[in-house]
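> okay, here's the prediction I keep looking at, along with the sequence it came from:
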Number of protein chains: 2
Amino acid sequence: MKYQITFLPQNIVTHAPEGTTIFNAANWAGLAIDSTCGGRGTCGKCKVKLVQGESAATEADHKYISTQELVEGWRLSCRAPLHQECVVDVPRLMTSPKAALLGYGRHVAIDPNVAKIYLQLDEPSFDDQRPDIERVIVALDKEGYAVRVDPAVWRTLPKTLRNNEFKITAVVCGDELIAVEGGDTTNTMYGLALDIGTTTVVGAIVDLKTGAVAAVQSTLNGQASFGADVISRVSYTMIEPDGLATLQTRIVETINTLVDQLLATCGVARENIYEAVAVGNATMLHLLLGIDPEAISVAPFIPVIEHAVTVPASHLTPHPLLPLSPLLTNFSQERGEGWSGVRLHPQARLCTLPHLGAYVGADIVAGALATGLARTKDDKWRLYIDVGTNGEIILGSASRTISTAAPAGPAFEGAQIKCGMRASDGAIEGVHIDDDVHLQIIGGTCRPVGICGSGLVDAVAELVRVGLVDSSGFLMRREDAANRFDPALVNRLIESNGVRAFLLSTPEEGIVLTQPDIRALQFAKGAIAAGVDVLMKLLGIQASALHEVLLAGSFGSYINPASARTIGLVPWVPVEHIVAVGNAAGEGAKIALLSFREREAANRIPDFIEYVELSSQENFNDVFTQALNFPDVKRNA
Amino acid sequence: MKYQITFLPQNIVTHAPEGTTIFNAANWAGLAIDSTCGGRGTCGKCKVKLVQGESAATEADHKYISTQELVEGWRLSCRAPLHQECVVDVPRLMTSPKAALLGYGRHVAIDPNVAKIYLQLDEPSFDDQRPDIERVIVALDKEGYAVRVDPAVWRTLPKTLRNNEFKITAVVCGDELIAVEGGDTTNTMYGLALDIGTTTVVGAIVDLKTGAVAAVQSTLNGQASFGADVISRVSYTMIEPDGLATLQTRIVETINTLVDQLLATCGVARENIYEAVAVGNATMLHLLLGIDPEAISVAPFIPVIEHAVTVPASHLTPHPLLPLSPLLTNFSQERGEGWSGVRLHPQARLCTLPHLGAYVGADIVAGALATGLARTKDDKWRLYIDVGTNGEIILGSASRTISTAAPAGPAFEGAQIKCGMRASDGAIEGVHIDDDVHLQIIGGTCRPVGICGSGLVDAVAELVRVGLVDSSGFLMRREDAANRFDPALVNRLIESNGVRAFLLSTPEEGIVLTQPDIRALQFAKGAIAAGVDVLMKLLGIQASALHEVLLAGSFGSYINPASARTIGLVPWVPVEHIVAVGNAAGEGAKIALLSFREREAANRIPDFIEYVELSSQENFNDVFTQALNFPDVKRNA
């Protein structure tokens, strides 16, 4: 249920779901209403006047708005949910001065969940014996921050105050005061964006003042040795008595190693990272949080948590050793080594984004955020596909949006492919075929050592396009090709260990694509295509209705849109409607880190995207069988 | 500022401070309005009708009360603060069925902050794929509990649900879900009341279903070896690099040993203790919480925290090792040994009560609660004195209440007294003098080994009463007494190590009261009497105006009211107006544990008791000098 809302004097019209606050609706419409508390109802700055429509006055309204103004329709826009069409006057519109370009062309106003507030406090006297913490809380309240206090702040507060003449910087994360630093440190404030994939973990350190990415790096998920996919990871926790503790420790160690590398790269201090936003599939985040994931893996597939959570980063370990010796708070990067959990600022928070279901996780929600899918205001149909071991799919428009997950298997990750590898140096990431084969290799080297997901898609697509693979996936015999294709190509049709294969590289390099590889890709893309097909049938739409197809992939290299279409991974739409957006999940994590309002928007995504359980769809196997074939190139062309 | 509130149909009239909720005012007046959420605005059961007076409708009101009823004046009484005189109709009055007699004749309705709720949840299916935690939260919400969830609950929830056919018991502490137990465990629920004295720590395990005390025990504070009083403890934290960590560890170890003994005594399981309420002076609670107490000890005497706090009991250690291995939650009492912090249920909370100032702490607030001082509704003046190293004093009536602390020194604790000892077996706790000396000895033995605080007060008072000590504190010479007193008494006037002394026991036992002992007591009682005098002068009242004098003492044995009056520790009032209430602080902790409403009342005590800094009173030294003398017995008699 959406309502129209008009903002005066600009006369900007938008539509927002029932219950969206006027403050957020304005933000979505590109009008950032002034606020220092980030929409928490505590600064009283986001006053707007309801010209048409009504909203009951809340306690916060009574606190900040006079009775006369209340009668005239003034309300705090962040406390006013939309329950009807309305017209709002925003007289003192101030847009946030800074913004960063992130994700898929998103211009994001910088408004992080972390705030630093410099305070010059009155020193205590016999006439003013207020306790230290009250002095800080009252001063913050005047600045518009109504905070809870992390107990760690109590412990060292008196020395910090007295060693700095009561001039301090309060560090607020959400509604919690997590640290008090001596002097004015407001210019130094960083966050960590984490995309935790089953295979790869990507981390970025982001400057929360400027939105600039200070460092970005990826590494293998240290759980990989316990199984390549989520199911084998869950099995490990079921079989081994300490399996869950082991896997949690592994991912935390992975993140800590990544953070060490990131800090070394950009020279940012560990204690200046106050918040992390982590996205990933439900199993990955359950393991990170130390939550038993077993019920995710068996029907009817139930996670313990789907909503976004915030926990102290130091608690993320089976036996968290809190980092706080009261006298050890002037910690150093070195001393960080002794801490437990994810080692950032000792009171740093780690926040997740919500999941849509057991197999459409926070990474997909982040992708929807990064691509603006969650802000779709028109009736154009958009399709989002995250291509990986599990293919997550979202299809929708302003009227209705649904999602599902398709079990693609590991082909796109390069696993179970004879010469498959991850998207790292030496991997073939692109293939073009004319009278011979031309390779694009990661790292710029001319010596390929294997083929990654995007290379696999390209290679098969090119073979289909030129006709060396038919629509059933059959690789042409050498004798059948001999008279119809260039000798350079014909010579590449070889036999490798008893199976038919196509030589992509020189014979010495020996990189081949085998008939079983093609079959594996057929199963992988077939699962996803079948999922897309089920969703399109549920919504009753055809490929021709698709306005945009967004292809995300956490496997590191961008899929070629034309190739994706050629193999039938995506419906047959004009190729310019297919956009490869790369690691949209990681971009979404950065956006959530930089903008509290965007994070709130992400947290509401589960309210309007329905989750469809593919395995309970009766016709899925029929659809899947049909989707195994490659599209008829000639017919579509 | 207080307002009159009248409850219909009973026509009960009371006065409550500005801002008190109608719910609490009713409770104070002895009418326990029905509620399952304990006044948190989430169960919607405490509806009352405002017949006269107004209260703005809150969000909770809009949720639970129809528009028509709102117009008629219905409000949730727990969300309606008093801002004017009003008349309230309470149609569906239900008093809590259970109550316990605690403190100084207090009849306390059992309404603990901990609640156990048995839930039979729907099992998940493809038609109901809600995550586990949402299933629990929604069910609790229906029962009137709007909870936040402790992350520890996430970790093991799926197994607990599935091993018990989704029949579970939720354990809610305050507004937090701290545990989920399999099956129906609602009948087993305990709490721990802690009175943390500088010298002695008293603990009691209380059955939160019945209010019965399952076990009570006291032990020495393990910090004692680092100094007898708060100042020497604070000094230790300033001098030693790890001093604070050491002292925190010591008090936590003391509590853990006490808990072990309590559990062994009553057979209650460790994992069934879900909450502790701890009271003590500001320094003791700062050390327990690991907070730097230095600023409490130097002018202008500033604590870090004065308000009540809630922390996980397991965090109370410089390096808390959280007890949560995800697969180790079917913990045993034995395994408890490996935990950190205060070892109760691994997610148990420890709550404190507020302080009034740096030297009038939560123990005194607890005493005010236990004695009903905080509920004084009439204009009769009441004086509360906690006699100890620090003498804390409260004086007031419904019109105004003030408090202060007087530095009595350690005499009342038996320290710096030649034969002084704590109130344990063999201590003289009572003395009567007629033609000879008669002793009352702790433990029923007839062989005294020393004298404790109450015995000291008695001994000096009796000597003053019979005339062997004059009003200046001078112990009569043997030669001056010879003709005027019984030979049995005269023979007791001896010289001991060069100072005049009075032999209390047989010469072989050798328990003496020396002239310096009497001087020490004069200084101790003089400080407290001077504090009382300053407060009485500030309020402009005389001793004759005192309706009641309440004598509390955490030194273990009850002070004799007549003796307290004889030595001038308390003003000269009819002896039946002086009441010895013993360990009122410990009783207050029990009351706060058993009743959330009483705890809320305790938390508001700082709002209406003013704190007077004795050291900043100009005339204090003059008053103190005068207060050193003993009252003229004959004149007062």
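That came through fine.

> what does the residue in the stretch 501-637 of chain A positioned nearest to chain B show for phi and psi?
Of all residues in the stretch 501-637 of chain A, the one sitting closest to chain B is A:S616 (4.7 Å; Cβ to the nearest Cβ). Any C-beta I mention is one placed from the backbone N, CA and C, and that applies to glycine too. A:S616 adopts backbone torsions of phi -100, psi 10, taken as degrees, to the nearest 10.

> next: the one 10 residues further on.
Backbone geometry at A:Q626, expressed as degrees, to the nearest 10, gives phi -70, psi -30.

> cool, A:A552 as well?
Torsion angles, degrees, to the nearest 10, at A:A552: phi -100, psi 150.

> who's in contact with it?
A:G367, A:T371, A:Y384, A:I385, A:D386, A:V387, A:V581, A:G582, A:N583, A:A584, A:A585 (Cβ atoms under 8 Å, 6 or more residues apart in numbering or on different chains).

> roughly how far does the third one sit from chain B?
The one in question is A:Y384. Using Cβ to the nearest Cβ, to the nearest Å, A:Y384 is found at 21 Å from chain B.

> the second one too?
A:T371 sits at a distance of 25 Å from chain B (criterion: Cβ to the nearest Cβ).

> the residue nearest to that residue when sequence neighbours are not counted: neighbouring residues, count only.
Using Cβ to Cβ, 6 or more residues apart in numbering or on different chains and skipping residues adjacent in sequence, the residue nearest A:T371 is A:Y104, 4.3 Å away. Residues lying near A:Y104 (other Cβ atoms under 10 Å in any protein chain shown) number 19.

> residues touching A:Y104, list them.
Applying Cβ under 8 Å, 6+ apart, the residues near A:Y104 are A:A370, A:T371, A:G372, A:L550, A:V579, A:V581, A:A584, A:E587.

> in three-state terms, label it for me.
Three-state call for A:Y104 (DSSP: H, G, I helix; E, B strand; the rest coil): coil.

> do the same with the one 4 residues further on
Taking three-state DSSP as the rule, one finds A:V108 in the strand state.

> test my guess that it contacts A:L369.
No - here A:V108 does not reach A:L369: they are 9.7 Å apart, not a contact under Cβ atoms under 8 Å.

> what's the domain layout of chain A?
Domain assignment for chain A by automatic domain parsing gives A:2-95, A:114-182, A:190-305+A:309-352, A:375-637.

> so which of those comes closest to B:I133?
For B:I133, the closest of those is domain A:190-305+A:309-352, at 5.2 Å, according to Cβ to Cβ.

> can you check which residues contact both of A:V108 and A:L369?
By Cβ under 8 Å, 6+ apart, A:V108 and A:L369 have these common neighbours: A:I591, A:E598.

> more neighbours: those two, which one.
In terms of neighbours (other Cβ under 10 Å), A:L369 is the more surrounded of A:V108 and A:L369; the figures are 33 against 23.

> I figured that one hits A:N603, correct?
No - between A:L369 and A:N603 there is no contact under Cβ under 8 Å: 9.9 Å.

> who touches both of those two?
Shared contacts of A:L369 and A:N603, defined by Cβ under 8 Å, 6+ apart, comprise A:L353.

> returning to that earlier point: next one, pLDDT for the residue nearest to A:T371 please.
Note on A:Y104: pLDDT of 72.

> how much space between it and chain B?
A:Y104 sits 29 Å away from chain B, going by Cβ to the nearest Cβ.

> now do A:D425
As judged by Cβ to the nearest Cβ, A:D425 and chain B stand 38 Å apart.

> sec struct for the residue nearest to that residue when sequence neighbours are not counted, please.
Nearest residue to A:D425, sequence neighbours excluded (Cβ to Cβ, 6+ apart): A:G443, at 3.5 Å. Secondary structure, three-state DSSP: A:G443 is coil.

> next, count neighbours for A:G443.
Other residues near A:G443 come to 11 when the count uses other Cβ under 10 Å.

> pretty sure it is touching A:A423, no?
No - contact between A:G443 and A:A423 fails when scored by Cβ under 8 Å: they sit 10.3 Å apart.

> looking at this, A:N24 is in a helix?
Yes - under three-state DSSP, A:N24 sits within a helix.

> helix or strand for A:G586, which one?
Element membership for A:G586, per DSSP states H and E: helix A:584-594.

> averaged pLDDT, that helix. What do you get?
The average of the pLDDT scores along helix A:584-594 is 94.

> now do the buried residues in that helix.
Within helix A:584-594, the residues scored as buried using 16 or more other Cβ atoms under 10 Å in any protein chain shown are A:A584, A:A585, A:G586, A:E587, A:G588, A:A589, A:K590, A:I591, A:A592, A:L593, A:L594.

> other SSEs contacting it?
Secondary-structure packing of helix A:584-594 (3 or more Cβ pairs under 8 Å, 6 or more residues apart in numbering or on different chains; DSSP states H and E): strand A:99-102, strand A:106-109, strand A:190-196, strand A:200-207, strand A:273-280, helix A:362-370, strand A:546-552, helix A:596-608.

> tell me the most buried of the ones you listed?
Most buried of these, by mean neighbour count (mean count of other Cβ atoms under 10 Å in any protein chain shown): helix A:362-370, with a mean of 32.

> okay, the angle between it and strand A:546-552?
Calculated by axes from the mean of the first three to the mean of the last three Cα atoms, to 10 degrees, helix A:362-370 forms an angle of 130 degrees with strand A:546-552.

> the helix or strand just after helix A:362-370 to strand A:546-552, inter-axis angle?
Downstream of helix A:362-370, the next assigned helix or strand under DSSP H and E is strand A:381-386. Comparing the axes of strand A:381-386 and strand A:546-552 via the same axes, to 10 degrees yields an angle of 10 degrees.

> sheet partners, orientation included, of strand A:381-386?
Sheet pairing for strand A:381-386, assigned by DSSP bridges, gives strand A:390-396 (antiparallel), strand A:546-552 (parallel).

> same list (those strands) but as a markdown table, adding mean pLDDT.
Putting the strands paired with strand A:381-386 into a markdown table (pLDDT from 0 to 100) gives the following:
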| stretch | mean pLDDT |
| --- | --- |
| strand A:390-396 | 93 |
| strand A:546-552 | 93 |
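
> isn't A:N619 up against A:V534?
Yes - using Cβ under 8 Å, A:N619 is in contact with A:V534, at 7.5 Å.

> the residue of the stretch 501-637 of chain A closest to chain B contacts B:Q129, correct?
No - using Cβ under 8 Å, A:S616 makes no contact with B:Q129, being 9.6 Å away.

> who has more neighbours, the two?
A side-by-side neighbour count of A:S616 and B:Q129, using other Cβ under 10 Å, places B:Q129 first with 17 against 14.

> per-residue pLDDT, that one?
Looking at B:Q129, its pLDDT reads 94.

> thinking again about what came up before, will you turn the strands paired with strand A:381-386 into JSON lines that also has distance to A:N560?
Shown next, in JSON lines, are the strands paired with strand A:381-386 (distance: least, Cβ to Cβ, whole Å):
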{"stretch": "strand A:390-396", "distance to A:N560": "17"}
{"stretch": "strand A:546-552", "distance to A:N560": "9"}
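
> returning to what we had before: for the contacts of A:Y104, name the two members farthest from one another.
A:V579 and A:E587 (13.2 Å).

> got the residues of the stretch 351-500 of chain A near chain B?
A:G357, A:A358 (Cβ under 8 Å from any Cβ of the partner chain).

> I'd like the distance between the residue of the stretch 351-500 of chain A with the smallest separation from chain B and A:P303.
The minimum distance from the stretch 351-500 of chain A to chain B, using Cβ to the nearest Cβ, falls at A:G357 (6.6 Å). According to Cβ to Cβ, to the nearest Å, A:G357 stands 8 Å off from A:P303.
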